[in-house]
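# Fold the following for me, if possible:
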Amino acid sequence: MSNRVNFIGCDATYEAAETVLIGVPFDGTTSFRPGTRFAPQVIRLESVGIETYSPYQDKDLTRQKIHDMGDVDVVFGNIERTLHAVKDAVQSVLKDGKRPFVIGGEHLISLPVIEAVYAQYPDLCVIQFDAHADLREDYEGEPLSHATVMYQVHRLLGDKRLFQFGIRSGTKHEFTYAKQHTIMERFHADTLEDILAQLGERPIYLTVDLDVLDPSIFPGTGTPEAGGWDFMTLHKALMQFQGKNLVGMDVVELSPHYDMSGVSTAVAVKVIREMLMHGSR
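The predicted structure follows:
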């Protein structure tokens, strides 16, 4: 592990922590605009710009038991070795009875995290907020890609255990595949509350691709897609996870240098703060 600049308020010791923050600075399969490798470091540095207290939830990060263990040492140029390194790090956290919260990096980094969490929780369900379906079987012949990550997750979990919200981009084949194998709500998350009620106490992994947000408020991403959510729409969806059995989470696809104003990074930081305050069960 590297990088000792902590996300603000995440100062618990590893031994005392319930949630462990892990950065994965990797964008080795980015298909359009690279740059997500810089997100974990920039997010940590910019986190000093917000308060640890959330007026939305009346909670403070300093009262949560969260440890920031730094970044995984990724192997640029070798996708499989990087994914193994991520999986090993998450398995270690889970073995110690703690919950992983991963900051990417591109969306492919979710795959080894979910693999490790699924091994611990065989009845796992995955909920995805995203502009893109990510259900391609391969991308230009490559089965491991940020464009194929949810196809790989479905293959791991099986039918109707992947729930996709906010999706507004993909091939026709991806949308057909979703009708057969996943639960997808295009554009919105109006059915999220009912689905969470149906899942009850089942363990849930939440992956948030920040390009679910509209590029008018979040231009700092490699694959901006018009027609997305505003911050409060995303926040309202996140608040529905309060009290749920969230056993792992990630936030991915900030490319900070495509928004020199810093607004996209500020949004990412606030999203992470709000998610971290959902206590482990």
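# C-alpha from now on. contacts and neighbour counts both.
OK.
# Can you tell me how far residue 143 is from residue 158?
Distance of residue 143 to residue 158, computed by Cα to Cα, to the nearest Å: 18 Å.
# what do you get for residue 7?
35 Å.
# what's the answer for residue 46, then?
Counting by Cα to Cα - residue 46 and residue 158 are separated by 39 Å.
# got it, and residue 226?
Using Cα to Cα, residue 226 is found at 31 Å from residue 158.
# and what of residue 142?
21 Å.
# Same question for residue 211.
Residue 211 is 25 Å from residue 158, by Cα to Cα.
# Compare those two (neighbour count), which wins?
The residue with more neighbours, out of residue 211 and residue 158, is residue 211; 27 against 13, by other Cα atoms under 10 Å.
# what's the burial count for the residue nearest to that one when sequence neighbours are not counted?
Spatial nearest neighbour of residue 211, excluding adjacent residues (Cα to Cα, 6 or more residues apart in numbering): residue 131 at 5.7 Å. Number of residues near residue 131 (other Cα under 10 Å) recorded here: 29.
# Next: the one 5 residues further on.
In terms of burial, residue 136 registers 24 neighbours under the definition other Cα under 10 Å.
# Where does it sit: helix, strand or coil?
Assigned by DSSP: H, G, I helix; E, B strand; the rest coil, the conformation of residue 136 is coil.
# Spatially nearest residue to it, not counting backbone neighbours?
Residue 136 sits nearest to residue 148 (Cα to Cα, 6+ apart), 4.7 Å away.
# What are the phi and psi values at the one you found?
Here is the backbone geometry of residue 148 (degrees, to the nearest 10): phi -120, psi 0.
# which ones are touching it?
108, 134-139 (Cα atoms under 8 Å, 6 or more residues apart in numbering).
# now those in a markdown table, with pLDDT?
Shown next, in a markdown table, are these (pLDDT from 0 to 100):
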| residue | pLDDT |
| --- | --- |
| 108 | 94 |
| 134 | 96 |
| 135 | 97 |
| 136 | 94 |
| 137 | 91 |
| 138 | 76 |
| 139 | 70 |
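# mind saving the C-alpha coords of the longest helix along the chain as PDB?
Assignment by DSSP state H gives helix 79-95 as the longest helix of the chain. Below are the C-alpha coordinates for helix 79-95, written out as PDB (Å, rounded to 0.1, in the frame of the first residue of the first chain):
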ATOM      1  CA  ILE A  79      -4.500  -5.800 -16.000                       C
ATOM      2  CA  GLU A  80      -4.600  -9.300 -14.400                       C
ATOM      3  CA  ARG A  81      -1.900  -8.600 -11.900                       C
ATOM      4  CA  THR A  82      -3.600  -5.300 -10.900                       C
ATOM      5  CA  LEU A  83      -6.900  -7.100 -10.400                       C
ATOM      6  CA  HIS A  84      -5.200  -9.700  -8.300                       C
ATOM      7  CA  ALA A  85      -3.600  -7.100  -6.100                       C
ATOM      8  CA  VAL A  86      -7.000  -5.400  -5.600                       C
ATOM      9  CA  LYS A  87      -8.600  -8.700  -4.700                       C
ATOM     10  CA  ASP A  88      -5.900  -9.600  -2.300                       C
ATOM     11  CA  ALA A  89      -6.200  -6.200  -0.500                       C
ATOM     12  CA  VAL A  90     -10.000  -6.500  -0.100                       C
ATOM     13  CA  GLN A  91      -9.800 -10.200   1.000                       C
ATOM     14  CA  SER A  92      -7.400  -9.100   3.800                       C
ATOM     15  CA  VAL A  93      -9.900  -6.400   4.900                       C
ATOM     16  CA  LEU A  94     -12.800  -8.800   4.900                       C
ATOM     17  CA  LYS A  95     -10.800 -11.500   6.700                       C
END
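# buried stuff in that helix?
Neighbour counts over helix 79-95 (16 or more other Cα atoms under 10 Å) mark 79, 82-83, 85-91, 93-94 as buried.
# mind listing the strands for the stretch 51-200 of the chain?
Ranges of strands in the stretch 51-200 of the chain, per DSSP state E, counting those that start in this stretch, are 53-54, 59-60, 66-71, 99-104, 125-129, 162-167, 183-186.
# Look up how far residue 79 lies from the residue nearest to residue 136.
According to Cα to Cα, residue 148 stands 14 Å off from residue 79.
# now do residue 42
From residue 42 to residue 79 the distance is 23 Å (Cα to Cα).
# quick one: low-confidence parts of the chain?
1-4, 28-32, 140-141, 279-281 (pLDDT under 70).
# All the helices of it, residue numbers only.
39-46, 79-95, 110-120, 149-157, 172-181, 192-199, 231-239, 263-276.
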